[in-house]
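S.K.: okay, here's the prediction I keep looking at, along with the sequence it came from:
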Amino acid sequence: RDSIFDAMQRREVFGTSGPRIQPRFFGAWDYPADLCDAPDLLERADAGGVPMGSDLPDRTRDAAPTFAVFALADVGTPKVPGADLQRIQVVKGWVDDGGGLHQKVFDVAGGENGASVDPDTCEPRGEGARQLCAAWTDPDFDPSRRAVYYARVLENPTCRFSTWQCLELPEGERPSGCEHPIMDEFIQERAWTSPIWYTPAVNEVVSR
């Protein structure tokens, strides 16, 4: 319990929409492009950068930040296994000179895989991944502008709980909401990490 509260105070936490997806997110200035191939990936990411919930340190050279992000799918149970992962995204936010808020989403691992759901049985169609990893460098980095980054992990599509409930009822006993659902029949469960912040050095701000 103490370690949980320690992590919350460090902001080194993540949340999910329900499944036990396990994401990790680190930021640094010099992660190698082949970091995901390292057998000691977690140890190297932790030693070479900062974890989710942290501020990037001051730059020591002219470089854009690189983020190490990886995730494990929910194991589930023998009766109800967890869904495969579809993709990892890095979401970047920043404020322009006029105070306007901006956001850009980058697919960094996995991607559109054609996965779907059988609407009559809720059986998944298509394959995904049990784990995903990427070492991603921001291609639009501006060293003079504040930025914030977080990772988002998406599962393959699955049935919403209300869809499962409708299918469990005999067809003649289903309420009208089953034929004309208020909510989408299918969803993509997900996980979000705490952000990592970048703040430019004073001389970079003055130079703008």
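M.R.: Yep, it's here. It should be emphasised that the depicted structure is a prediction, and the values quoted were computed from it without experimental measurement.
S.K.: switch to C-alpha atoms for all contacts and neighbour counts from now on
M.R.: Will do.
S.K.: where does the protein dip in pLDDT?
M.R.: Low-confidence regions of the chain, defined here as pLDDT under 70, cover residues 202-208.
S.K.: which stretches of it form strands?
M.R.: With strands called from DSSP state E, the chain shows them at 14-16, 22-28, 50-51, 66-72, 85-95, 101-110, 116-117, 124-125, 131-137, 147-155, 158-159, 186-187, 190-193, 196-198.
S.K.: what residues sit buried inside the longest one?
M.R.: Right, the one you point to is strand 85-95. Buried positions in strand 85-95, judged by neighbour count with 16 or more other Cα atoms under 10 Å: 85, 86, 87, 88, 89, 90, 91, 92, 93, 94.
S.K.: then stretch 38-52?
M.R.: By 16+ other Cα under 10 Å, the buried positions in stretch 38-52 come out as 41, 42, 45, 49, 50, 51, 52.
S.K.: which ones among these are found in helices?
M.R.: Using DSSP state H, the subset of the buried residues of stretch 38-52 located in helices is 41, 42, 45.
S.K.: how near is the second one to residue 66?
M.R.: In this case it means residue 42. Shown here: residue 42 relative to residue 66, a distance of 15 Å by Cα to Cα, to the nearest Å.
S.K.: tell me the one of the buried residues of stretch 38-52 nearest residue 76?
M.R.: Taking Cα to Cα as the measure, residue 42 is the one of the buried residues of stretch 38-52 closest to residue 76, at 22.9 Å.
S.K.: in TSV, list the ones in helices among the buried residues of stretch 38-52 along with distance to residue 78.
M.R.: Conversion of those to TSV gives the following (distance: Cα to Cα, whole Å):
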residue	distance to residue 78
41	28
42	28
45	32
